[in-house]
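A structural model of the following input is requested.
(one chain, ligands or ions: 1)
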Amino acid sequence: MQILRTVGELRCWSRASRSRHGSTIGLVPTMGALHAGHASLIRAARAACSRVAVSLFVNPAQFGPNEDFSRYPRSFEADCALVEQLGADVLFAPSVEGIYPNGQASTFVEVPGLGDRLDGTSRPGHFRGVATVVAKLFIAAEPDRAFFGQKDAAQVAVLRRMVADLRLAVEIVVCPIVRDRDGLAISSRNVFLSPSQRAQALSLSRALRRVESMVAGGERRASILIAAAQEIFAVEPNIRIDYVALVDLSTLLPVETVVPGALFAVAAYVGETRLIDNVILR
Ligand code: AMP
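Residues are numbered from 1 along each chain as shown. As a prediction, this is how the structure comes out:
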């Protein structure tokens, strides 16, 4: 596995791969601190593409001023070992200046509307930062397919819109949420949870399971489903809800009743740690 540090190197690799091997190129964008969720994306890329690049970049542009950019977990050596073990061809790990020549973003890709919904409401500018860095990665790597997790459902909606609007020739592939055995969605931020917070964090997946079983039992009304999920959080004194919402999967706008493909999404702070989870209601 090659470790590439600059956009130029990534571009050369991509072009050489395509011209020498006629390869399909898969890209897996990550912020590192890799875990089983990321591994599932890399495996999916490996299965679907002849050449695979994993990017590892803690993107300052997607963090707000009071968010956890500086303490975001970083584990470069372990990440390299995992990416290599999973058979990726390239790990792209640029510096901040390599991505943002002025030290910070000065040209942005923005998806107004969508980018202000769900996480975009409580994290203003977050999706602008995400869209900007992912566009830069797409321009450099020119992937045929890029792999993202359903866990970040709003991110997927924003990026799908970006790709459609910019007419980019990349297919967005969405992989299922990987969970710990007890149901907690795996996240790089789970390392911030104390044992008791981790137990409280199970409320997120518990709320989603309750909603799913109510829908299986015939309930369709958003208000009732949202109230049921909120009840589960209400008994946890150390959990602060950010949002509990039933939305259309592609517009992220609220829907009043469950329609096929509606997204039930939750975000909550457990102590200082913000966690997200969701389920697509079929
Ligand atoms: P991150 O490093 O947190 O920016 O995540 C990089 C990619 O991994 C994103 O597309 C995430 O949606 C995806 N991802 C993170 N956690 C999970 C998970 N538990 N299951 C599946 N995909 C995940």
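
phi and psi next, for Val178.
Val178 adopts backbone torsions of phi -90, psi 130, taken as degrees, to the nearest 10.

use 40 as the first number for this chain going forward.
Will do, 40 is the new start, and the previous item becomes Val217.

hmm, it is touching Ile225, no?
Yes. Judged on Cβ atoms under 8 Å, Val217 makes contact with Ile225 at a distance of 5.2 Å. All C-beta spots, glycine's among them, are computed from the backbone N, C-alpha and C.

got any residues that touch both of the two?
Counting by Cβ atoms under 8 Å, 6 or more residues apart in numbering, the residues touching both Val217 and Ile225 are His74, Ala75, Gly76.

show me what contacts the second one?
With Cβ under 8 Å, 6+ apart as the criterion, the residues that contact Ala75 are Val217, Ile225.

next, find the distance separating it from the ligand.
Noted for Ala75: a distance of 7 Å to the ligand, by Cβ to the nearest ligand atom, to the nearest Å.

Arg54: how many residues sit nearby?
Other residues lying near Arg54 total 13 when counted by other Cβ atoms under 10 Å.

strands of the stretch 190-321 of the chain, start to end?
With strands called from DSSP state E, counting those that start in this stretch, the stretch 190-321 of the chain shows them at 210-214, 278-287, 301-309, 312-320.

most packed of the ones you listed?
Ranked by mean neighbour count, these are led by strand 301-309 with a mean of 22 (mean count of other Cβ atoms under 10 Å).

list the contacts of the residue nearest to Tyr111 when sequence neighbours are not counted.
Nearest residue to Tyr111, sequence neighbours excluded (Cβ to Cβ, 6 or more residues apart in numbering): Val97, at 5.2 Å. Listed by Cβ under 8 Å, 6+ apart, the contact partners of Val97 are Met70, Gly71, Phe108, Tyr111, Arg113.

go on, Leu302?
For Leu302, the contact set (Cβ under 8 Å, 6+ apart) comprises Ala192, Leu285, Val286, Asp287, Leu288, Leu291, Asn317, Val318, Ile319, Leu320.

ok, now how distant is the nearest residue to the fourth one once chain neighbours are set aside from Ser252?
Taking Cβ to Cβ, 6+ apart as the measure, Asp287 lies nearest to Val294, with 5.5 Å between them; neighbours along the chain are not counted. Distance from Val294 to Ser252, counting by Cβ to Cβ, to the nearest Å: 19 Å.

and the two? Which one has more around it.
Counted by other Cβ under 10 Å, Val294 and Ser252 do not tie: Val294 has more neighbours, with 16 against 11.
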